[in-house]
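*Asks:* Sharing a model prediction with you, sequence too.
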Amino acid sequence: MRYWLFKSEPDAYSVDDLAEDGTAGWDGVRNYQARNLLRDEIQPGDLVLFYHSNAKPPGVVGVAEVVRGGHPDPTQFDPASPGYDPKSRPEAPRWYQVEIAFRARLPQMVTLQQIKEDPELREMMVARRGVRLSVQPVERAHFERVLRLGGLSPEALGGGTGR
DNA sequence: GCCAACGTTGGC
DNA sequence: GCCAACGTTGGC
């Protein structure tokens, strides 16, 4: 099992939206590095830190679980979608998504500032200057540390599937 | 294949 | 709202 961090602007899609929806296709990613992770690396059962970017303050606000691995992002074929890509064809999709399910809110959000100031977390990709990747790998130790700082027990999430 | 111009991200 | 840092595009 691997761990990831997904960024979302809460004005566009927040952890509350995910909690309400239950599951969501992580569509709209239009960056090749992130696409490769979505298509090739992210597997069902992997756990995701849900991160609010462009928020006040930015930080990790929840946990989700991957429930379906990489498959073509349908919004690329929808002319009405902001993610529409006229150069992508169904027989050779350019963009991929995974599906995630809501698992938990963090009782206390873990802010970007906390991550940067924490000796155990400051190596996280999200804390590094200039890193804009919206889908990032996270080390297990970092994942568990973020959960503890947020008031969740990693053990409570780790084993069960919640399904 | 270079690289200038442009667009986007996202913290501050 | 600013702007630094990146990524993408497209002319050549």
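*Replies:* Okay, I see it. Note that the coordinates shown come from a computational prediction; the quantities given were computed from them, not determined experimentally.

*Asks:* Can you tell me which helix or strand of chain A has the lowest average pLDDT?
*Replies:* helix A:154-158 (a mean of 79; mean pLDDT, DSSP states H and E).

*Asks:* Show me what counts as buried in the longest helix that chain A contains.
*Replies:* Among the segments of chain A that qualify as a helix by DSSP state H, the longest is helix A:140-149. Residues of helix A:140-149 classed as buried: A:His142, A:Phe143, A:Glu144, A:Arg145, A:Val146, A:Leu147, A:Leu149 (neighbour count, 16 or more other C-beta atoms under 10 Å). Backbone N, C-alpha and C define where each C-beta goes, glycine included.

*Asks:* out of those, who's nearest DNA strand B?
*Replies:* A:Val146 (14.5 Å; C-beta to the nearest atom of the strand).

*Asks:* Could you double-check that that closest one sits in contact with A:Thr111?
*Replies:* No. Counting by C-beta atoms under 8 Å, A:Val146 does not reach A:Thr111; the two are 10.7 Å apart.

*Asks:* Do the longest helix of chain A and DNA strand B come into contact?
*Replies:* No. If you take C-beta under 7 Å from any atom of the strand as the test, helix A:140-149 misses DNA strand B, and the best it gets is 14.5 Å.

*Asks:* per-residue confidence at the most far-flung residue of chain A relative to its centre?
*Replies:* Most distant residue from the mean C-alpha position of chain A: A:Glu91, 26.9 Å away (C-alpha atoms, centre = their mean). As predicted, A:Glu91 sits at a pLDDT of 87.

*Asks:* check contacts around it.
*Replies:* Under the criterion of C-beta atoms under 8 Å, 6 or more residues apart in numbering, A:Glu91 has no contact partners.

*Asks:* burial count for the nearest residue to A:Phe77 once chain neighbours are set aside?
*Replies:* Closest residue to A:Phe77 apart from its sequence neighbours, by C-beta to C-beta, 6 or more residues apart in numbering: A:Pro90 at 6.1 Å. A:Pro90: 9 surrounding residues under other C-beta atoms under 10 Å.

*Asks:* A:Pro107 now?
*Replies:* For A:Pro107, using other C-beta under 10 Å, the count is 8.

*Asks:* Chain neighbours aside, what residue packs nearest to it?
*Replies:* A:Gly151 (3.5 Å).

*Asks:* wait, the one you found sits on A:Arg105?
*Replies:* No. Using C-beta under 8 Å, A:Gly151 makes no contact with A:Arg105, being 9.6 Å away.
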